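Colleague: Give me a model of this one.
(one chain, ligands or ions: 1)
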Amino acid sequence: MIYLDSAATTAVRREVLEAMWPYMTAEFGNPSSHHSLGEAAAQALKEARATIAQILGCRASEIIFTSGGTEADNLAIKGIALAAPRGRHIVTSAIEHEAVLESCDYLHRHHGFEITYLPVDRHGLISLDQATAAIRPDTTLCSIMLANNEVGAIQPIRELAEIAHAAGVPLHTDAVQAAGALDLNIGKLGVDALSLSGHKFGAPKGTGLLYLRGRLTIEPVLHGGGQERGRRSGTESVAGAVALAKALQLAEASRPESAQRLSQLRDDFIAAVLTAVPTAILTGDPIQRLPGSASFCFPGTSGEAVLLYLEQHEIICSSGSACAAGADRPSHVLLAMGLAPEVAQTAVRFTLSEGTTAEELNKVARTIRDAIQALTRRA
Ligand code: PLP
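Modeller: Reported below is the predicted structural model:
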């Protein structure tokens, strides 16, 4: 099997499993307990937090462990907006993940927030001028993703942070797709909040975090025993936090080399697909894109049919239009980029990982050519 869907999820790395194992077995304590088993768990949690803080270049107290990217996004958006609203206005983009879009929609429906959705150009990039114009005196939060999950487009977050801060507005970024691919140093990004999800880079599903700048107050989404300094109640998953720290450490250690290798493989693959299928359309910015991300539309076919054909040939990838509920609506990201619905419906996304080889990608490009020939003949 050739797995080209690492933007959907990754396998847990062996070193990660080994690091977390003791905290699911012998060292199973509750980090809030005051006996030795609890203290050992609390110590492991503390070390995991410190490791992550060191990688992100922030304080350990600024890390809030969550159950993943969705929860981190919900906590950032609802938490910041409801804590100390300057006003009831949020700026986000039309191509965010549903975790961001639905959190904003919740604030709109239940708390009367007005949401401005920044448009994107045909490559999936926001405009800094439009962002500047969208920020108002009553804007409470700006939330723009670092890299898009469907087309891999990377937004100019550093510049956006400067614009938001000049207006006194905090900036949250969903960096779920960026771990292991882009520099997540908070100082360099300049963001006030950042979401990560462990299962995108070798930790188990159900692990994640929100970085939240120290001076920002937040209204919790989960209320209870006051864990995570009262910002996220619920007994922490110690094993999950240890796994997250280990996976981030490994991803970060191999990042420069891996990003360079994957960018080269990606560019060769994109060129091979565009040659093999002259009607194919590359979606997402050709340059400002994640190293391992190659996404296309194949007009005249259906994304689902291409996926099925590829899967029958042992190639696993995903349809850019797949939404959480599995409906075959065209992707909101591709529509926002100006693609016609019937073209957006033909999207297929390939996401490479550290193990991907040039031989595999050559085979995939050939199989895509065969798929498109077979499917257009059939149509
Ligand atoms: N944000 C982005 C950009 C994603 O790609 C995803 C998952 O696909 C999420 C958020 C949600 O993360 P999780 O699966 O950990 O809830």
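Colleague: only C-alpha atoms for contact and neighbour calcs from this point on.
Modeller: Fine.
Colleague: buried residues in stretch 241-254?
Modeller: Ala241, Val242, Ala243, Leu244, Ala245, Lys246, Ala247, Leu248, Gln249, Leu250, Ala251, Glu252 (16 or more other CA atoms under 10 Å).
Colleague: again but with stretch 211-227, I slipped
Modeller: Neighbour-count burial for stretch 211-227 [16+ other CA under 10 Å]: Tyr211, Leu212, Arg213, Ile218, Glu219, Pro220, Val221, Gln227.
Colleague: ok, the third one touching Ile64?
Modeller: No. In this structure, Arg213 sits apart from Ile64 without contact. The criterion is CA atoms under 8 Å, and the distance is 10.6 Å.
Colleague: Please save the CA atoms from stretch 140-150 in PDB.
Modeller: C-alpha atoms of stretch 140-150 as PDB (Å, rounded to 0.1, in the frame of the first residue of the first chain):
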ATOM      1  CA  THR A 140     -11.900  40.900  19.500                       C
ATOM      2  CA  LEU A 141     -10.000  38.200  17.700                       C
ATOM      3  CA  CYS A 142      -8.400  37.300  14.400                       C
ATOM      4  CA  SER A 143      -8.000  33.600  13.600                       C
ATOM      5  CA  ILE A 144      -6.200  32.600  10.400                       C
ATOM      6  CA  MET A 145      -4.700  29.100   9.800                       C
ATOM      7  CA  LEU A 146      -1.000  28.800   9.200                       C
ATOM      8  CA  ALA A 147      -1.400  26.200   6.500                       C
ATOM      9  CA  ASN A 148      -4.400  24.800   4.800                       C
ATOM     10  CA  ASN A 149      -5.300  21.200   5.100                       C
ATOM     11  CA  GLU A 150      -6.800  20.800   1.600                       C
END
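Colleague: hmm, it in reach of the ligand?
Modeller: Yes. Contact of stretch 140-150 with the ligand (CA under 6 Å from any ligand atom) involves Asn148, Asn149.
Colleague: quick one: contacts of that stretch?
Modeller: Residues from elsewhere that reach stretch 140-150, judged by CA atoms under 8 Å, 6 or more residues apart in numbering: 7, 77, 80-81, 85-93, 95-97, 100, 153-157, 164, 169-178, 289-290, 295, 320, 333, 349.
Colleague: go with 7 Å
Modeller: 7, 81, 85-93, 96, 153-155, 157, 169-175, 177-178, 320, 349 (CA atoms under 7 Å, 6 or more residues apart in numbering).
Colleague: tell me which parts of the stretch 1-150 of the chain are close to the ligand?
Modeller: Residues of the stretch 1-150 of the chain that fall close to the ligand, judged by CA under 6 Å from any ligand atom: Ala8, Gly68, Gly69, Thr70, His97, Ala99, Asn148, Asn149.
Colleague: hang on, the earlier thing: what two of the buried residues of stretch 241-254 are the furthest from one another?
Modeller: Ala241 and Glu252 (16.3 Å; CA to CA).
Colleague: how about the helices of the stretch 1-150 of the chain, start to end?
Modeller: For the stretch 1-150 of the chain, the helices defined by DSSP state H, counting those that start in this stretch occupy 14-20, 36-56, 69-83, 98-111, 128-134.
Colleague: mind checking how far the last one is from the chain centre?
Modeller: Translated: helix 128-134. 23 Å (CA atoms, centre = their mean, to the nearest Å).
Colleague: so Arg122 touches Ala340, yeah?
Modeller: No. Counting by CA atoms under 7 Å, Arg122 stays clear of Ala340, with 11.5 Å between them.
Colleague: more crowded one of these two?
Modeller: Neighbour count, other CA atoms under 10 Å: between Arg122 and Ala340, Arg122 has more, with 16 against 12.
Colleague: contacting residues around the more buried one?
Modeller: Applying CA under 7 Å, 6+ apart, the residues near Arg122 are Met337, Gly338.
Colleague: rewinding a little: sort out for me which of the buried residues of stretch 211-227 are in strands.
Modeller: Counted as lying in strands by DSSP state E, out of the buried residues of stretch 211-227, are Tyr211, Leu212.
Colleague: Which parts of the stretch 201-350 of the chain are helices?
Modeller: Using DSSP H, counting those that start in this stretch, the helices of the stretch 201-350 of the chain run over 238-276, 303-312, 332-336, 341-344.
Colleague: who's in contact with Ala181?
Modeller: Residues near Ala181 by CA under 7 Å, 6+ apart: Arg255, Ala259, Leu290, Pro291.
Colleague: Pipe those into a markdown table and attach pLDDT per row.
Modeller: Shown next, in a markdown table, are the contacts of Ala181 (pLDDT from 0 to 100):
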| residue | pLDDT |
| --- | --- |
| Arg255 | 97 |
| Ala259 | 97 |
| Leu290 | 98 |
| Pro291 | 98 |
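Colleague: what's the farthest-apart pair in those?
Modeller: Farthest pair in the contacts of Ala181, by CA to CA: Arg255 and Leu290, 12.0 Å.
Colleague: which of the two has more neighbours?
Modeller: Leu290 (28 against 18).
Colleague: if I read this right, the more buried one contacts Val151, doesn't it?
Modeller: No. The criterion here is CA under 7 Å, and Leu290 misses it with Val151 at 8.5 Å.
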